[in-house]
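>>> Okay, structure incoming, though there's no sequence with it:
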């Protein structure tokens, strides 16, 4: 027996080695595109039901996919590229414009004066307030400076990632049936677990895309339009910050409008301050109403604290794409892993039903 195994390994060693080397080399070449490919697969699974809806209206599968990808290109990819280019211009002007720096200094002085005038009421010394405020402003300023600097440096990469993601969406939608046949061939599940696996995978992708992205866009538009009406801040800066903050569980985008309200009050603009305070409440309500409704399309419930860690960890590891990949991985861990574990350790009820059918 031992000689047979050694003989088998000897005869097939170079075959296995060649196959292994080819796979590793191919994956190494594709490694710069792993993130957009993953994003494309997420969006493809989220958008798969829409292909079926187009087909139910009499379209062929190819026409349905072409129609859907064209819609995505028009309402998604093109605005994103234009938004990125516009963002680079705005951020560069912000950092290079002396007037913007003077406004920030004036804003800081107004905040200090406001706090100094209420220090006695709060029972704090003015020196302590100055020290704490300086520390807060330095940390916040460093965070957003790094964020915008990274964004500027990654704009060419973001455009390339967007294009590859768009192509990946088309590929995964077009090859969905072949991918499913490969899944059934190499990921054999007994009973109905294969269908459950695919269903949870698609629902998790749909939940991450719709509940996070659409809610973030809605909140960002609410806060940004309010800021434009009351003349507080720049459209791109506010939209960008609000969209990023909207992914943070519990907090959401409401605090952005609240901070803008405090800024307006600090500058003596009472009407704008009250208006942005109302916008803060509205955006918070939108988060608490729209997000749970859209999240109901998914089948996996993830603890808020775990979701928070997944978002932050995803951003730290993958950058902006981590906003989508992090929550998806958290959803899959709690949704897909139980199905895989159940395959090898079925519940007692399932074992009893199987044994009864055998008898």
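Cool, the structure landed. What you see is a predicted model, and the numbers here were worked out from it, not measured in a lab.

>>> how about the helices in the stretch 251-359 of the chain?
Secondary structure of the stretch 251-359 of the chain by DSSP state H, counting those that start in this stretch: the helices cover 254-266, 270-295, 304-318, 322-335, 337-344, 348-358.

>>> right, so of those, which gets closest to residue 219?
Across the helices of the stretch 251-359 of the chain, residue 219 has its closest neighbour in helix 270-295 (4.9 Å, CB to CB). (C-beta placed from N, C-alpha, C; glycine too.)

>>> Now that closest one: average pLDDT?
Per-region confidence: helix 270-295 scores 78 on mean pLDDT.

>>> try stretch 166-175
88.

>>> can you list the residues that contact that stretch?
For stretch 166-175, contacts defined as CB atoms under 8 Å, 6 or more residues apart in numbering pick out 36-37, 39-41, 43-45, 47-48, 51, 62, 65, 68-69, 72-73, 77, 179.

>>> From those, list the buried ones, please.
Listed as buried from the contacts of stretch 166-175 are 36-37, 39-41, 43-45, 47-48, 51, 65, 68-69, 72, 77, 179; burial here means 16 or more other CB atoms under 10 Å.

>>> got a markdown table for the helices of the stretch 251-359 of the chain, with distance to residue 164 and mean neighbour count too?
Conversion of the helices of the stretch 251-359 of the chain to a markdown table gives the following (distance: least, CB to CB, whole Å; neighbours: other CB atoms under 10 Å):
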| stretch | distance to residue 164 | mean neighbour count |
| --- | --- | --- |
| helix 254-266 | 31 | 21 |
| helix 270-295 | 26 | 17 |
| helix 304-318 | 15 | 16 |
| helix 322-335 | 15 | 21 |
| helix 337-344 | 29 | 12 |
| helix 348-358 | 42 | 10 |
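
>>> weakest of the ones you listed by average pLDDT?
Looking at the helices of the stretch 251-359 of the chain, the lowest mean pLDDT belongs to helix 348-358 (a mean of 50).

>>> follow-up on the earlier one: out of the buried ones among the contacts of stretch 166-175, which are inside helices?
36-37, 39-41, 43-45, 47-48, 51, 65, 68-69, 72, 179 (DSSP state H).

>>> From these, pick the one nearest residue 25.
Using CB to CB, residue 37 is the member of those that lies nearest residue 25, at 17.1 Å.

>>> residues contacting the closest one?
Under the criterion of CB under 8 Å, 6+ apart, the neighbours of residue 37 are 30, 164, 165, 168.

>>> Just confirm residue 233 contacts residue 257, I think it does.
No. In this structure, residue 233 is not within contact of residue 257 by CB atoms under 8 Å, at 10.4 Å.

>>> Show me which residues of the helix or strand residue 199 falls within are buried.
Element membership for residue 199, per DSSP states H and E: helix 193-207. If you call a residue buried by 16+ other CB under 10 Å, then helix 193-207 has these buried ones: 193-194, 196-198, 200-207.

>>> which other residues reach that helix?
Contact partners of helix 193-207, identified using CB under 8 Å, 6+ apart, comprise 41-43, 45-46, 48-49, 180, 183-184, 187-189, 294-295, 297-300, 328, 331-332, 335-336, 339-340, 342-343.

>>> how long is stretch 201-217 end to end?
When the termini of stretch 201-217 are compared using CA to CA, to the nearest Å, they are 24 Å apart.

>>> what secondary structure does residue 233 sit in?
Using DSSP: H, G, I helix; E, B strand; the rest coil, the structure places residue 233 in coil.

>>> and it, how many residues sit next to it?
Residue 233 is surrounded by 20 other residues when neighbours are defined as other CB atoms under 10 Å.

>>> Going forward, the N-terminal residue is numbered 22.
Let's use 22 as the start, then, which means that last one is residue 254.

>>> Could you check how far it is from residue 298?
Residue 254 sits 15 Å away from residue 298, going by CB to CB, to the nearest Å.

>>> likewise residue 217?
Distance of residue 217 to residue 298, given as CB to CB: 46 Å.

>>> Ok, residue 204 next?
Note on residue 204: its distance to residue 298, by CB to CB, is 51 Å.

>>> hang on, the earlier thing: with respect to residue 130, which of the ones in helices among the buried ones among the contacts of stretch 187-196 is nearest?
For residue 130, the nearest member of those is residue 60. The distance, counting by CB to CB, is 43.6 Å.

>>> Please parse the chain into its domains.
The domain map for the chain lists 55-207, 210-374, with the assignment taken from automatic domain parsing.

>>> Max pairwise distance over the ones in helices among the buried ones among the contacts of stretch 187-196: which two?
57 and 72 (20.4 Å).

>>> pLDDT-wise, which helix or strand of this structure ranks last?
Taking all helices and strands of the chain together, the one with the lowest average confidence (mean pLDDT, DSSP states H and E) is helix 369-379, at a mean of 50.

>>> Show the low-confidence segments of the stretch 122-271 of the chain, by residue range.
Scanning the stretch 122-271 of the chain for pLDDT under 70 picks out 122-129, 131-133, 135-151, 154, 158, 161-177, 179, 212, 255, 268-271.

>>> where along it do the helices fall?
Using DSSP H, counting those that start in this stretch, the helices assigned to the stretch 122-271 of the chain run over residues 140-143, 147-195, 197-207, 214-228, 236-251, 256-266.

>>> Does residue 79 belong to a helix, a strand or coil?
With three-state DSSP as the basis, the three-state label of residue 79 is coil.

>>> Now do the same for it: its pLDDT.
As predicted, residue 79 sits at a pLDDT of 85.
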